[in-house]
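S.K.: Quick one: sequence plus predicted model below, questions after.
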Amino acid sequence: MPVVIVILLIVAAVLACAFLYINISRKLFRKIFVRPHPVSRVDRSPEKIDQSTIFGRGKNWFYTTRNEYINVRIDSFDKTKLSGYFRPSSDRSTRSAVIFLHGYNEHPSECAAYAKLMMKQIQCHVLITHMRGHGVSGGKYCTYGVYESVDLMRWIDFIRRQTGKDTRIYIYGRCMGAVSALLAAATDELRGNIAGIIADSPYDTFETGAVNFMSIVKPHLKLQLFMPMLNRMAKSKFGFDMSMCDCAINAEKIRVPVLFFSGGNDKICPPDVVRSIYDEVTSPKRLVVIDHADHLMGYDKAPSVYEKEVRHFVEKCVERLILMGKL
């Protein structure tokens, strides 16, 4: 009899642990993938903007020049409504454009400092997007680069319709936005349509980014223990597991120049993570590590170095286009 009781207790303990594991996994799935509510219908200017960083000043510049942007909206491949801000160049004949992709849980205005920087380098049209599941774009889920990379293809189609099929397009991404750009560039469809990519602090795999991020916001939680179940849930919901957004695996297929930035003190996408992508890229590339910079803070930490690298990269991209007869 005691043996039976022990076995029943063990079975009950296993079932309880399994129930707890699945319950926590479901909560994590909602936290990581499902868009928080309520969903904004209108993008209102903040009442106050902290201008202590270069990104805060960029955000302030964005909202003070807001009337120069056109609100645009397109349908993605799955009919999700995507929103963005399109700023035509003062020279409507220019054939250069830059698309900006923000990171997870960010607002498009975080890219304004980069937009201001790129507008100093080249005469260009500017498109700053709301990523799916963010801001006023539609989408219930965030897929960390998988669906977002296909959304980017639709935005490229939009730019070409507005500015011409021969427009030279640069893509500038922050973290998840950078991953989306790199995944898109690794496809056959986009290889010949992008002049260059600036990737600020991309993660090499979804697991790396998620685990490192969670170790900061919830250090007591060991997310890696739940990754198998999260991947299974993602596959059930989306039809693919999250290895689809692993940059390092696909990086060798990229055929356009890429400028990588990483912060020396970045705990989410540290330099070794960014380098694992960089090492696989076979096209013209450069990796710049900004000492003592936290995640996505390289431009604020060393603005003169950052601007010099971007300027040099754009010049090299232009030289490459001339040699290829595309300019």
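M.R.: Sure, I can see it. Keep in mind it's a predicted model, so treat the numbers as computed, not measured.

S.K.: what about the helices in the stretch 201-327 of the chain?
M.R.: Ranges of helices in the stretch 201-327 of the chain, per DSSP state H, counting those that start in this stretch, are 206-217, 227-238, 247-250, 271-278, 298-301, 303-323.

S.K.: Please compute how far stretch 126-142 lies from its chain's middle.
M.R.: 11 Å (C-alpha atoms, centre = their mean, to the nearest Å).

S.K.: residues in contact with stretch 295-313?
M.R.: Residues from elsewhere that reach stretch 295-313 (C-beta atoms under 8 Å, 6 or more residues apart in numbering): 53-55, 103, 113-114, 117-118, 120-121, 174-175, 196, 198, 200-201, 257, 259, 261-263, 266-269, 286, 288, 290-294. From N, CA and C alone the C-beta is placed, and that goes for glycine too.

S.K.: Pull out the buried residues from these.
M.R.: Among those, those buried by neighbour count (16 or more other C-beta atoms under 10 Å) are 54-55, 103, 113-114, 117-118, 121, 174-175, 196, 198, 200-201, 257, 259, 261-263, 266, 268-269, 288, 290, 293-294.

S.K.: residue ranges with poor pLDDT in this protein?
M.R.: Along the chain, the model assigns pLDDT under 70 to residues 1, 6, 8-9, 191-192, 327.

S.K.: in it, which spans are strands?
M.R.: 70-75, 81-87, 96-101, 125-129, 168-174, 196-200, 258-263, 285-290 (DSSP state E).

S.K.: Now distance to residue 244 too, for those, in TSV please.
M.R.: As requested, these are exported to TSV (distance: least, C-beta to C-beta, whole Å):
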stretch	distance to residue 244
strand 70-75	22
strand 81-87	20
strand 96-101	17
strand 125-129	20
strand 168-174	17
strand 196-200	18
strand 258-263	20
strand 285-290	23
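
S.K.: And those strands: which comes nearest residue 28?
M.R.: Closest approach to residue 28 among the strands of the chain is made by strand 168-174 (23.5 Å; C-beta to C-beta).

S.K.: coming back round to it: for residue 150, find the nearest of the helices of the stretch 201-327 of the chain.
M.R.: Closest approach to residue 150 among those is made by helix 227-238 (12.2 Å; C-beta to C-beta).

S.K.: Compute the inter-axis angle for that closest one and helix 206-217.
M.R.: 120 degrees (axes from the mean of the first three to the mean of the last three C-alpha atoms, to 10 degrees).

S.K.: what does helix 227-238 rub up against?
M.R.: Identification of contacts with helix 227-238 by C-beta under 8 Å, 6+ apart yields 21-22, 25-26, 28-29, 32-33, 141, 143, 146-147, 207, 210-211, 240-243.

S.K.: Give the burial count for the closest residue to residue 199 other than its chain neighbours, as a bare number.
M.R.: Leaving aside its sequence neighbours, residue 199 sits nearest to residue 178 (C-beta to C-beta, 6 or more residues apart in numbering; 3.7 Å). Residue 178: 30 surrounding residues under other C-beta atoms under 10 Å.
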